[in-house]
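> Here you go, sequence then predicted model.
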Amino acid sequence: MDFIKRRIVTYIVILLIVVNLDFFLPRLAPGNPAQLFVSNSLNSQLQTQLITARFGLNQPLYVQYYDFLRNIFLTWPPDFGISFQYYPNTVWSLFVSRIGWTALLIGASIALSVLIAYFMARRSALSLGGKSDTGFLYGSISFQTIPIYWVGMILLWVFGFELKWFPTFGNVNTEVSSSLDYWASALYHSVLPLVAMTLSVFGQNYLILRGSVQEVLKSDFVTSAKTRGLRDQVISSTYILRSSLLPLVSVLSFSIASLISRDVLVEAVFGYNGVGDLLVDGVVNHDYPVLEGTLFLLTLIIIVGGLIGDLILVRLDPRLRR
């Protein structure tokens with residue numbers, strides 16, 4: 001279990017680095033967040049001072065840092081304070097209300113991309129070098145290299161503005177009257193963001209599965225299975241792909257941060273009200289509590305997801321237990 005111990009130490013170091021960057025980086029940005037909420041009136045200076053004092057921004061930096069560490073490590077749920085922009089809502093309540101939408105988008109895109117890549121890799125395993133394999137290969141490379149925000153904007157322009165098949169903003173219609181209509185509206189609004197995320201993730205998953213399939217095809221147990229007269233369909237589904245899932249699980253566990261960063265871009269393009277959109281709002285409005293809370297909680301999710309992936313890897317590959 002030395003592998004897991006090393007990974008835990010690595011995650012702790014990453015968490016400590018992120019906590020410090022989380023606090024200091026927003027404060028290096030120019031401008032006073034309180035000025036964003038003050039109108040151009042004769043008392044604007046007084047209003048700025050009052051708002052600055054209300055949110056504790058006039059405290060010495062070391063006092064703010066101490067309160068920040070105390071509130072996130074010694075309280076549960078972590079207390080990141082009240083959002084500047086969404087006052088009087090707390091950061092925790094905002095995060096909890098939006099994390100479900102983000103989890104739905106990321107989880108569904110991973111499931112769909114793995115399922116599509118699975119069947120395409122299975123087809124490629126039976127016809128390496130053929131037309132279908134070549135088409136799948138170039139298609140996956142294209143989706144892997146095109147920036148996800150370009151994919152999102154193209155989908156938005158074609159299917160949202162030109163054809164008007166799907167909505168161009170939000171994640172649900174607020175005028176629905178029943179729970180069934182609510183979920184139908186949520187599904188309808190999530191189609192374009194889900195397609196953009198799936199296309200972006202699919203390329204990576206297919207390339208990994210295709211590469212590992214080629215390695216497995218050269219193994220002795222596949223040759224033995226062929227000599228026993230097993231059909232290609234049985235070999236591809238039972239032997240090849242099962243042995244090829246290990247690299248995919250490994251990459252997915254290490255790419256959670258990449259998935260979240262892509263989700264932030266997708267939510268920003270489509271105006272999808274998830275955690276990514278909340279993070280963008282925090283950056284635009286210099287909302288320190290939202291920035292600190294969102295980045296910290298997303299880091300925890302990345303660490304927990306990576307640790308779960310490590311445990312799955314140890315389960316699938318006994319060599320890592322040494």
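Cool, the structure landed.

> Trp150: how many residues sit nearby?
Trp150 has 12 neighbours, counted by other C-beta atoms under 10 Å. (Each C-beta comes from the backbone N, C-alpha and C, glycine too.)

> Which of the three states applies to the residue lying closest to Val195 once chain neighbours are set aside?
Closest residue in space to Val195, ignoring its immediate chain neighbours: Leu155 at 6.1 Å, by C-beta to C-beta, 6 or more residues apart in numbering. Three-state call for Leu155 (DSSP: H, G, I helix; E, B strand; the rest coil): helix.

> Would you mind measuring from Leu155 to Tyr87?
Taking C-beta to C-beta, to the nearest Å as the measure, Leu155 falls 35 Å from Tyr87.

> Tell me which helix or strand Thr75 sits in.
Mapping Thr75 onto the secondary structure by DSSP states H and E places it in no helix or strand at all.

> what sits against the residue lying closest to Phe270 once chain neighbours are set aside?
In space, Phe270 comes closest to Pro193 once its chain neighbours are excluded; the distance is 4.7 Å by C-beta to C-beta, 6+ apart. The neighbours of Pro193, taking C-beta atoms under 8 Å, 6 or more residues apart in numbering as the test, are 105, 152, 266-267, 269-270, 272.

> tell me, what residue is most central in the chain?
Centroid-nearest residue in the chain: Ile260, 2.0 Å away (criterion: C-alpha atoms, centre = their mean).

> Over to that residue: give its phi and psi.
The phi/psi pair for Ile260 (degrees, to the nearest 10) reads phi -70, psi -40.

> Is it in contact with Gly276, as I believe?
Yes: Ile260 is within contact range of Gly276, at 7.5 Å (criterion: C-beta atoms under 8 Å).

> Quickly list what's touching both of the two.
Common contacts of Ile260 and Gly276 (C-beta under 8 Å, 6+ apart): none found.

> name the element Arg6 belongs to?
In this structure, Arg6 sits in helix 2-28 according to DSSP H and E.

> That helix - contacts with which helices or strands?
Applying 3 or more C-beta pairs under 8 Å, 6 or more residues apart in numbering; DSSP states H and E, we find helix 2-28 packed against helix 61-73, helix 288-316.
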